[in-house]
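**Q** Take this sequence and fold it.
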Amino acid sequence: MKKLLLTTLFAIVALSSCENVTKEEKKEESTHQRALQLYHGKFAFCGASPATLTGNKIVVQGDTFLEGCATCPVMEGTALVNTLLVGDPYVTPDSTDKTVWSYFWYYDSVPQAPTWVSLPTVNRTFTITEKPGGGMSNMWCMPCKILPNKVNGVTLAKCYGPINELALPLRTSIRALPGETSVTQAPIGATYPVGTIVPDADSTKHYKKLKK
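**A** Numbers count the residues shown, from 1 in each chain. Presented below is the predicted three-dimensional model:
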């Protein structure tokens, strides 16, 4: 997973510094020079969680997606944040301690469903398909409601994010397509595993053309 984190960071840097951008994109770059930020505190970690459809829609950076819900452990420590989605990482979705944001960090092990005992994280890839449950979900920098009861001493949260939307690049929403490969730590057989495709700098134009 550490290798994936480093790959993701390099992808973020490459995509954020791409020179072939329009005037509007350059203006946005100057307005948001630092989209990626480190955070320290409580957050939900969804990297090893599956998601289910809620039947609702969710809007991410102006585009509408099917909404998924994932149950995720609440952690405390350092995490990565996209400030274009979360303006102030330290202000919770409803400004109370009943909610948290879902952020990302590297863990050797995390509490995992269904027992919520801490288990080693296992990084794997899978191919996105059109069949029900065959897609992926993005739960990075999404709102979460803290559940009232702990399970095996673990605080859990229900997080809500888009189905088949990429966490990267940072500055626009991109729809994942069948046949593409996503990375996740959710177990094999999980529906809509939380994860993302990691595009490189050369694929930026390709992804822009596929945006819907």
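
**Q** Quick test: name the residue nearest the centre of this protein.
**A** The centroid of the chain falls nearest to Trp140 when counting by Cα atoms, centre = their mean (2.5 Å).

**Q** Thought Tyr103 was touching that one, still the case?
**A** Yes. Between Trp140 and Tyr103 there is a contact at 7.1 Å, judged by Cβ atoms under 8 Å. Every C-beta, even on glycine, is put in place using the N, C-alpha and C of the backbone.

**Q** returning to that earlier point: now the residue nearest to the centre of the chain: how far from Leu170?
**A** According to Cβ to Cβ, to the nearest Å, Trp140 and Leu170 sit 10 Å apart.

**Q** next one: Val122
**A** For Val122, the distance to Leu170 - Cβ to Cβ - is 26 Å.

**Q** what does Gly179 give?
**A** Taking Cβ to Cβ, one finds Gly179 at 24 Å from Leu170.

**Q** cool, Glu76 as well?
**A** Relative to Leu170, Glu76 is positioned 24 Å away (criterion: Cβ to Cβ).

**Q** So those two - more neighbours on which side?
**A** Remark: of Glu76 and Leu170, Leu170 carries more neighbours, 19 against 11, as counted by other Cβ atoms under 10 Å.

**Q** Dihedrals phi and psi, the more buried one?
**A** Dihedral pair for Leu170: phi -80, psi -30, per degrees, to the nearest 10.

**Q** wait, doesn't it sit right on Leu80?
**A** No. Using Cβ under 8 Å as the test, Leu170 is too far from Leu80 to be in contact (10.6 Å).

**Q** Which neighbours do the two have in common?
**A** Residues touching both Leu170 and Leu80 (Cβ atoms under 8 Å, 6 or more residues apart in numbering) are Leu36.

**Q** Tell me which stretches of this protein form helices.
**A** Applying DSSP state H to the chain gives helices spanning 2-16, 23-31, 204-210.

**Q** bridging residues for Thr127?
**A** Beta bridges link Thr127 to Thr181, judged by DSSP bridges.

**Q** Hmm, it is touching Gly179, no?
**A** Yes. Under the criterion of Cβ under 8 Å, Thr127 makes contact with Gly179 at 6.6 Å.

**Q** Could you report the pLDDT at the nearest residue to Val86 once chain neighbours are set aside?
**A** Excluding its sequence neighbours, the residue lying closest to Val86 (Cβ to Cβ, 6 or more residues apart in numbering) is Cys141, at 4.9 Å. We have a pLDDT of 96 for Cys141.

**Q** neighbours of Cys141, just the number please.
**A** By other Cβ under 10 Å, neighbour count at Cys141 equals 23.

**Q** now Gly153
**A** Neighbourhood size, Gly153 [other Cβ under 10 Å]: 8.

**Q** what's around Lys57, how many residues?
**A** Here the number of neighbours of Lys57 (other Cβ under 10 Å) works out to 11.

**Q** you'd agree it is up against Asp63?
**A** No. Using Cβ under 8 Å, Lys57 is not in contact with Asp63, being 10.4 Å away.

**Q** any common contacting residues for the two?
**A** Counting by Cβ under 8 Å, 6+ apart, no residue touches both Lys57 and Asp63.
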